[in-house]
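S.K.: Got a predicted structure plus its sequence, pasted below:
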Amino acid sequence: MAILPIITAPDPRLKRTCRPVAAVDDEIRRMMDDMLETMYAAPGIGLAAPQVGVDLRVIVVDVAKEGSPPSPHCLANPEILWSSEDHALYNEGCLSLPEQFAEVERPAKVRVGYLDRDGKPRELEADGLLAVCIQHEMDHLEGVLFVDHVSRLKREMILKRLAKAKKRESESVPA
Ligand code: GNR
Ligand code: NI
């Protein structure tokens, strides 16, 4: 297993539409395992393949609370089969927009179809934080970040703040 570098905005690789995986083979399984390790190390509750530079439709999530047993999910080719009429707000963050947050509104519940780590077709009904996380990760597969769901003013403020933080960081590290 390996911890992979996480790409941050504004990187064009975060804006691509990802390709479906043909099959969940050993190479995809290795990528899922590396993504889980990378997500836990970050730490984060989800990770999408484009965040590690891979343009394939693969996401991993684990929203288990600290201290409770891990509950990893690996999803290849995820599809929203149903989403609830009722929506919910959540203050979202993203490992590709470090230390930035904004309230995003999404359907409160979703039913998702996908291939699991063994390539087996499965369905999952999610609500609460798991529903937020799965929708956030699936957005990444379309090149969409949480800032694309907020006003242009908020989005530009967040992207400017992130650019400043990155610049400060690059200048404070001795060459
Ligand atoms: O670790 C993460 N936390 C989080 C918090 C609120 C809403 C979504 C997320 S996903 C994020 C990890 C990430 O960037 N996944 O793409
Ligand atoms: Ni994200």
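M.R.: Structure received. Residues are numbered from 1 along each chain as shown. Ligands and ions are numbered 1, 2, ... in the order given.
S.K.: residues contacting Lys15?
M.R.: Applying CB atoms under 8 Å, 6 or more residues apart in numbering, we find Lys15 in contact with Gly143. Any C-beta I mention is one placed from the backbone N, CA and C, and that applies to glycine too.
S.K.: Low-confidence regions, the protein specifically.
M.R.: Applying pLDDT under 70 to the chain flags residues 175.
S.K.: Now name the helix or strand holding the residue positioned nearest the centre of it.
M.R.: Nearest to the mean C-alpha position of the chain, by CA atoms, centre = their mean, lies Glu137 at 3.3 Å. Here Glu137 sits within helix 128-140, counting by DSSP states H and E.
S.K.: Which other helices and strands does that helix contact?
M.R.: Helix 128-140 makes packing contacts with strand 46-48, strand 58-61, strand 73-83, strand 87-92, strand 102-107, strand 110-115 when contacts are defined by 3 or more CB pairs under 8 Å, 6 or more residues apart in numbering; DSSP states H and E.
S.K.: what's the burial count for Leu81?
M.R.: Neighbour count of Leu81, defined by other CB atoms under 10 Å: 13.
S.K.: what does the one 5 residues further on give?
M.R.: For Asp86, the number of neighbouring residues by other CB under 10 Å comes to 8.
S.K.: follow-up on the earlier one: now the helices and strands packed on helix 128-140 in TSV, please, with extra columns for distance to ligand 1.
M.R.: Below are the helices and strands packed on helix 128-140 laid out as TSV (distance: least, CB to the nearest ligand atom, whole Å):
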stretch	distance to ligand 1
strand 46-48	4
strand 58-61	8
strand 73-83	13
strand 87-92	4
strand 102-107	8
strand 110-115	14
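S.K.: From ligand 1, how far out is Gln51?
M.R.: Distance check for Gln51 against ligand 1: by CB to the nearest ligand atom, to the nearest Å, it reads 6 Å.
S.K.: Now for that residue: which residues touch it?
M.R.: Gln51 touches Ile6, Ile7, Leu14, Leu95, Ser96, His140, counting by CB under 8 Å, 6+ apart.
S.K.: so which of the residues you listed are also by ligand 1?
M.R.: When contact is defined as CB under 6 Å from any ligand atom, the contacts of Gln51 meet ligand 1 at Leu95, Ser96, His140.
S.K.: Sounds good, over and out.
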